[in-house]
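Participant: From the sequence below, what's the structure:
(2 chains)
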Protein chains: 2
Amino acid sequence: MSAGAEEAGEPPKDDAPKIAVNRGISRLDFIMRIVAVIGTLGSAIAMGKTNESLPFFRQFIHFRAEYKDLPTFTFFVVANVIVTAYLILSLLLSIFHIVKSDARVTRTVLIIFDMAMLAFLTSGASAATAIVYLAHKGNTRANWFAICQQFNSFCERVSGSLVGSFIAILVLMLLIVLSAVALSRN
Amino acid sequence: MSAGAEEAGEPPKDDAPKIAVNRGISRLDFIMRIVAVIGTLGSAIAMGKTNESLPFFRQFIHFRAEYKDLPTFTFFVVANVIVTAYLILSLLLSIFHIVKSDARVTRTVLIIFDMAMLAFLTSGASAATAIVYLAHKGNTRANWFAICQQFNSFCERVSGSLVGSFIAILVLMLLIVLSAVALSRN
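Facilitator: Predicted structure coming up:
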């Protein structure tokens, strides 16, 4: 009877707790992806909307500050939008893993894509952080002024928009750890 | 006879080609780690030595350019040094995987650490790239001047030192892909 069940492709009794744990990991994976989507989407919107949010500045200074003025911020927005799109698509695979918790190939594919997106998002967020840091502190050696002294609310908004990205980076790292653990248990 | 071999922990005959492929993957892993070490070490040295390499500038300008003038470049050097140290240590685990090619736990550990180092190195390299880009192009909106017009060889050297890091980032990504594939085959 037991041998028959194994031949029919059903998991043997010993695997039941293992599969339950892997299903739990997959559910956690799903929830964490939604958290990451909120982070990257929030970052993209917060940074992307900065150009419209400073009407009161326009009248007495010679340029209005917007994210497009700095190519690094444009890259940041693009990276966040692409990672958001990827994360939403990856929810499908995440649901598939809840149903079929011993999947190997799709988990491997997910690790590889998560890793690529992690590198991409880290790249965008770090580059933006470097520029935000410069905007706050300036650099006397290079004669780069701390523009945040003039553009207070632009700077605050830009700095705030980094937070979502860094939360998403942490979540992506945890997702890769979870997938690797689930894969090694299969 | 065959069942006895399995009980004794020896791999059954069917696993022989699988183990051979995994051993091949582990050897490739070892070689690629050495390539990555060369990349990060080269980057760290190239960037770290910039402060001594421009004596001819000192006499007629008001400051000598060195990497410590920009905190982002210091972070870049630190990230490269730490990743170099990690990669050298990880060679031990890589050798262990060549010997014991069906290891699961250590492969999972290696994926997790490789991922953390990938994020760390990407962060350092991207932040430095954002500043190097600014040094080359400047930004008229923010009144940040293209300092590379004055510091030609400083800029060339700094830009060149990024290359090693980006090679190491690509290699780390391939290492994670290889480890994930090896893990899913076990």
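
Participant: Was I right to think residue A:138 contacts residue A:145?
Facilitator: Yes. If you go by Cβ atoms under 8 Å, residue A:138 and residue A:145 touch, sitting 5.0 Å apart. Just so you know, the C-beta spots here come from the backbone N, C-alpha and C atoms, and that holds for glycine as well.

Participant: Check the secondary structure at the residue lying closest to residue A:80 once chain neighbours are set aside for me.
Facilitator: Residue nearest to residue A:80 in three dimensions, not counting chain neighbours: residue A:44, with 3.8 Å by Cβ to Cβ, 6 or more residues apart in numbering or on different chains. Under DSSP: H, G, I helix; E, B strand; the rest coil, the three-state class of residue A:44 is helix.

Participant: contacting residues around residue A:44?
Facilitator: Neighbouring residues of residue A:44 by Cβ atoms under 8 Å, 6 or more residues apart in numbering or on different chains: A:77, A:80, A:81, A:84.

Participant: Could you list the low-confidence segments of chain A?
Facilitator: By pLDDT under 70, the low-scoring segments of chain A are A:1-14, A:51-64.

Participant: run the last query once more with 80
Facilitator: Residue ranges of chain A with pLDDT under 80: A:1-18, A:50-66, A:150-152, A:186.

Participant: Centroid-nearest residue for it?
Facilitator: Centroid-nearest residue in chain A, with Cα atoms, centre = their mean: residue A:168, separated by 3.3 Å.

Participant: That residue and residue A:34 touch, don't they?
Facilitator: No. At 11.1 Å, residue A:168 does not count as touching residue A:34 under the criterion of Cβ under 8 Å.

Participant: about what we covered before: between the contacts of residue A:44, which is closest to residue A:181?
Facilitator: Closest approach to residue A:181 among the contacts of residue A:44 (Cβ to Cβ): residue A:84, at 25.4 Å.

Participant: Isn't that closest one up against residue A:41?
Facilitator: Yes. With contacts counted by Cβ under 8 Å, residue A:84 reaches residue A:41, the gap being 4.9 Å.

Participant: Name the residue in those two with the higher neighbour count.
Facilitator: Set residue A:84 next to residue A:41 and count neighbours by other Cβ atoms under 10 Å in any protein chain shown: residue A:84 wins out with 23 against 19.

Participant: Tell me who's in contact with that one.
Facilitator: Contacts of residue A:84 (Cβ under 8 Å, 6+ apart): A:37, A:40, A:41, A:44.

Participant: switch to 10 Å and redo it
Facilitator: Contact analysis of residue A:84 by Cβ atoms under 10 Å, 6 or more residues apart in numbering or on different chains lists A:36-45, A:117, A:121, A:168.

Participant: Could you identify the most distant pair in those residues?
Facilitator: The distance between the two most remote of those (Cβ to Cβ) is 18.5 Å, for A:45 and A:117.

Participant: which residues in chain A form helices?
Facilitator: A:2-7, A:16-48, A:71-99, A:105-137, A:152-185 (DSSP state H).

Participant: ok so, going back, generate a ChimeraX selection restricted to the buried subset of the contacts of residue A:84.
Facilitator: The following ChimeraX line selects those of the contacts of residue A:84 that are buried, judged by 16 or more other Cβ atoms under 10 Å in any protein chain shown:
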select /A:36,37,38,39,40,41,42,43,44,117,121,168
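
Participant: So which of the contacts of residue A:84 is the closest to residue B:91?
Facilitator: residue A:117 (27.9 Å).

Participant: Would you quantify the distance from that closest one to chain B?
Facilitator: Distance of residue A:117 to chain B, given as Cβ to the nearest Cβ, to the nearest Å: 11 Å.

Participant: Pull up the overlap in contacts between residue A:138 and residue A:145.
Facilitator: Common neighbours of residue A:138 and residue A:145 are listed as residue B:144 (criterion: Cβ under 10 Å, 6+ apart).

Participant: Run a quick neighbour tally on residue A:50.
Facilitator: For residue A:50, the neighbour count with other Cβ under 10 Å is 25.

Participant: For the nearest residue to residue A:177 once chain neighbours are set aside, give me its contacts.
Facilitator: Leaving aside its sequence neighbours, residue A:177 sits nearest to residue B:112 (Cβ to Cβ, 6+ apart; 5.4 Å). Shown in contact with residue B:112 (Cβ under 10 Å, 6+ apart): A:173, A:176, A:177, A:180, A:181, B:176, B:179.

Participant: check contacts around the last one.
Facilitator: Residue B:179 makes contact with A:111, A:180, B:25-26, B:29, B:94, B:97, B:106-112, B:114-115, according to Cβ under 10 Å, 6+ apart.

Participant: quick one: residue A:77 and residue A:42 touch, right?
Facilitator: No. Residue A:77 is beyond contact range of residue A:42, at 12.0 Å (criterion: Cβ atoms under 10 Å).

Participant: Quick check: neighbours shared by those two?
Facilitator: residue A:161.

Participant: hmm, back to that, quick one: the residue nearest to the centre of chain A and residue A:82 touch, right?
Facilitator: No. Shown here, residue A:168 and residue A:82 do not form a contact pair, counting by Cβ under 10 Å, at 11.9 Å.

Participant: Please identify every residue contacting each of these two.
Facilitator: What both residue A:168 and residue A:82 touch, as defined by Cβ under 10 Å, 6+ apart, is the set A:40, A:117, A:121.

Participant: Go through those residues and name the one nearest residue B:70.
Facilitator: Of all these, residue B:70 sits closest to residue A:121, with 23.6 Å by Cβ to Cβ.

Participant: any idea how far chain B is from that closest one?
Facilitator: 9 Å.

Participant: Could you do residue A:98 as well?
Facilitator: Residue A:98 sits 19 Å away from chain B, going by Cβ to the nearest Cβ.

Participant: Noted, bye for now.
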